[in-house]
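S.K.: Build me a structure from this.
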Amino acid sequence: GSSVIARDITESVKARRALEASRRRLEEAQRIAHLGSFELSTKTGEMIWSDEMYRIVGLEVGAPFEPHGFLASVHPDDVAHLREIWAHSALTGDSFDHTFRIVRPDGTERSVRARVVSDIDNDGRVTKLSGTVADQTEWVQAEATRQAAESRFEIGFEQSAIGAVIADLEGIPRRVNQAMRDLLGRSDDELIGRRWVEFGHPDEKPLGQAVLEALADGNDSYQDERRYVRPDGSIVWAATNVAIVKNNDVAQYIFGQLKDITERKQMEAESSHRALHDSLTGLPNRLLLTDRLVHGLAGSRRRNSRLGVIFLDVDQFKVVNDSLGHTSGDGLLSEAAHRIERAIRPGDTVARFGGDEFVVVCDDVTALEADQIAQRVLRAFVRPWLIDGQEIHVTASLGIALSTDDSTPESLLRDSDTAMYRAKELGRGRIEMFDHTLSTKASQRLSISSALH
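M.R.: Predicted coordinates:
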């Protein structure tokens with residue numbers, strides 16, 4: 001008898017201790033998770049709170065409260081809706097899951113989420129409401145911050161004056177903004193899901209290849225200035241910036257921005273053109289002529305051919321300029337430029353050397369071919385000139401020099417100029433080919449002129 005009683009008491013104590021340990025573990029888990037629990041008897045109105053439930057609403061654990069004390073802690077703006085949901089659940093037994101705000105005794109606000117289920121007896125009456133209340137303030141705040149950030153991104157993305165694209169890791173556009181559609185002259189249907197290489201200029205390195213090379217070098221972004229082709233064939237220049245967006249060092253998607261710089265590029269091209277071209281005739285100027293001579297000499301040496309230079313001076317231009325005026329003189333020079341251009345071969349270069357002097361550079365020519373080109377230019381000057389309604393006759397003197405192994409741009413210009421002066425001495429309106437006899441005579445003239453001075 002007594003041993004059985006003792007054993008029963010021992011088992012009972014063990015059970016109580018196990019239950020108490022289980023309760024403590026549950027309370028600790030609720031405390032860690034900021035998750036409180038409660039039970040409400042619909043028959044007696046009695047409500048039981050867990051310790052964490054007290055802490056969530058800001059009350060001392062075990063403090064007395066009215067059966068409807070929890071509703072008293074609900075934010076005034078949220079209480080009416082919660083009462084309605086609560087009453088409906090108590091009447092029908094429907095469960096609910098609702099997020100709302102509470103106000104603690106110290107005035108601080110918290111966001112909580114209540115999940116409630118009901119017990120129903122055999123008669124279908126609700127006998128108990130049980131539920132959990134989770135403090136989700138930090139999550140709600142984080143979610144609000146995330147949504148605000150997303151909202152700002154959405155506004156910035158859609159309303160940005162700079163074209164923006166979100167592409168997958170294959171570089172396929174998944175979303176573009178209006179500025180991008182305007183810049184590329186394409187609709188969403190023409191952009192989304194298409195390969196980006198379709199929009200690029202064929203002479204440019206494909207953007208995808210450039211980005212991959214940048215990634216291989218350890219970069220997460222890539223920038224350049226490149227051309228894109230619109231459906232109508234027009235070209236648009238854009239400053240292009242591409243970045244790989246990562247999360248925990250794992251690439252998620254590609255974000256690209258394109259800023260239209262077409263106008264700037266056009267201004268740069270015009271500025272560069274002005275720096276290298278004569279403003280009156282539009283021909284290459286002396287600076288660009290020197291560059292063409294350097295490249296021409298290099299090419300002729302590679303091909304074992306000769307470069308021809310024709311130096312042309314308009315005969316008695318000063319007389320025309322002084323008698324008809326500078327405007328008429330400028331008109332004559334512009335017309336002379338057109339006539340020379342039409343007389344030479346398509347691949348040859350004509351430049352305005354200065355004043356009434358022009359230079360023609362001919363690649364891969366023999367002495368005979370250079371003379372034939374010069375003859376065509378000379379004949380172009382034979383036709384009468386109509387300047388400001390007045391017909392006049394103007395000729396030109398031409399000198400030809402052909403490159404040798406030791407030629408330089410300066411030597412070719414000097415030698416062709418020497419030959420041109422020889423043509424003037426022999427009566428103008430003619431062509432002279434340079435030879436070293438002319439060079440000797442030119443040196444002698446310079447020596448005599450210096451001695452006379």
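S.K.: all contacts plus neighbour counts: C-alpha atoms, from now on.
M.R.: Noted.
S.K.: pretty sure residue 119 contacts residue 95?
M.R.: No. The pair formed by residue 119 and residue 95 falls short of the contact definition of Cα atoms under 8 Å, at 10.0 Å.
S.K.: and for the two, which residues touch both?
M.R.: Common contacts of residue 119 and residue 95 (Cα atoms under 8 Å, 6 or more residues apart in numbering): none found.
S.K.: So what's the gap between stretch 93-111 and the chain middle?
M.R.: Taking Cα atoms, centre = their mean, to the nearest Å, one finds stretch 93-111 lying 48 Å from the centre of the chain it belongs to.
S.K.: At the geometric centre of this structure, which residue do we find?
M.R.: Central residue of the chain (Cα atoms, centre = their mean): residue 240, 1.9 Å from the mean position.
S.K.: From residue 161, how far out is that residue?
M.R.: Relative to residue 161, residue 240 is positioned 14 Å away (criterion: Cα to Cα, to the nearest Å).
S.K.: Next: residue 280.
M.R.: Remark: distance between residue 280 and residue 161 (Cα to Cα) = 40 Å.
S.K.: For these two, indicate the residue with more neighbours.
M.R.: residue 161 (17 against 12; other Cα atoms under 10 Å).
S.K.: where does the chain dip in pLDDT?
M.R.: Flagging of the chain using pLDDT under 70 yields the residue ranges 1-8, 10-15, 17-33, 66-69, 437-447, 449, 453.
S.K.: one more time with 80, if that's ok
M.R.: By pLDDT under 80, the low-scoring segments of the chain are 1-34, 65-70, 149-156, 436-453.
S.K.: residues contacting the closest residue to residue 225 other than its chain neighbours?
M.R.: Ranked by Cα to Cα, 6 or more residues apart in numbering and with sequence neighbours excluded, the top spatial neighbour of residue 225 is residue 239, at 4.4 Å. Residue 239 makes contacts with 223-226, 258-261, as judged by Cα under 8 Å, 6+ apart.
S.K.: again, but for residue 194
M.R.: Residue 194 sits in contact with 172-173, where contact means Cα under 8 Å, 6+ apart.
S.K.: Quickly list what residue 49 is bridged to.
M.R.: Here residue 49 sits in beta bridges with residue 38, as judged by DSSP bridges.
S.K.: how many neighbours does it have?
M.R.: Per other Cα under 10 Å, the neighbour tally for residue 49 reads 17.
S.K.: what do you get for the one 10 residues further on?
M.R.: The criterion is other Cα under 10 Å. On that basis, residue 59 has 17 neighbouring residues.
S.K.: Give me the sheet partners of the host helix or strand of the residue nearest to the centre of the chain and which way each runs.
M.R.: With the criterion set as DSSP states H and E, the secondary-structure element containing residue 240 is strand 235-247. As defined by DSSP bridges, the strand partners of strand 235-247 come to strand 221-229 (antiparallel), strand 250-260 (antiparallel).
S.K.: Buried residues, it. List them.
M.R.: Buried residues in strand 235-247, defined by neighbour count with 16 or more other Cα atoms under 10 Å: 236-245.
S.K.: try stretch 323-332
M.R.: Counting neighbours by 16+ other Cα under 10 Å, the buried set in stretch 323-332 is 328-332.
S.K.: Tell me which stretches of the stretch 201-350 of the chain form helices.
M.R.: Along the stretch 201-350 of the chain, the stretches classed as helices by DSSP state H, counting those that start in this stretch are 207-216, 262-276, 286-303, 317-324, 326-343.
S.K.: if I read this right, residue 183 contacts residue 261, doesn't it?
M.R.: No. Taking contact to mean Cα under 8 Å, the distance of 10.4 Å between residue 183 and residue 261 leaves them out of contact.
S.K.: Name the residues contacting each of these two.
M.R.: Residues touching both residue 183 and residue 261 (Cα under 8 Å, 6+ apart) are residue 236.
S.K.: More neighbours: the two, which one.
M.R.: Between residue 183 and residue 261, counted using other Cα under 10 Å, residue 183 has the larger neighbour count: 20 against 16.
S.K.: got the contact list for the more buried one?
M.R.: Taking Cα under 8 Å, 6+ apart, we find residue 183 in contact with 163, 236, 260.
S.K.: how far is the host helix or strand of it from where the chain is centred?
M.R.: Element membership for residue 183 (DSSP H and E) is helix 178-184. Its chain's C-alpha centre and that of helix 178-184 lie 12 Å apart, by Cα atoms, centre = their mean.
S.K.: Tell me the buried residues in that helix?
M.R.: 178-181, 183-184.
S.K.: Compile the strands paired with strand 235-247 into TSV and extend it with columns for distance to residue 115.
M.R.: Output for the strands paired with strand 235-247, formatted as TSV (distance: least, Cα to Cα, whole Å):
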stretch	distance to residue 115
strand 221-229	47
strand 250-260	35
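S.K.: looking at those strands, which is closest to residue 9?
M.R.: Closest approach to residue 9 among those is made by strand 250-260 (60.7 Å; Cα to Cα).
S.K.: and for that closest one, what are the contacting residues?
M.R.: Everything outside strand 250-260 that qualifies as a contact, by Cα under 8 Å, 6+ apart, is 162-169, 171, 180, 183, 236-246.
S.K.: Nice, that's everything, thank you.
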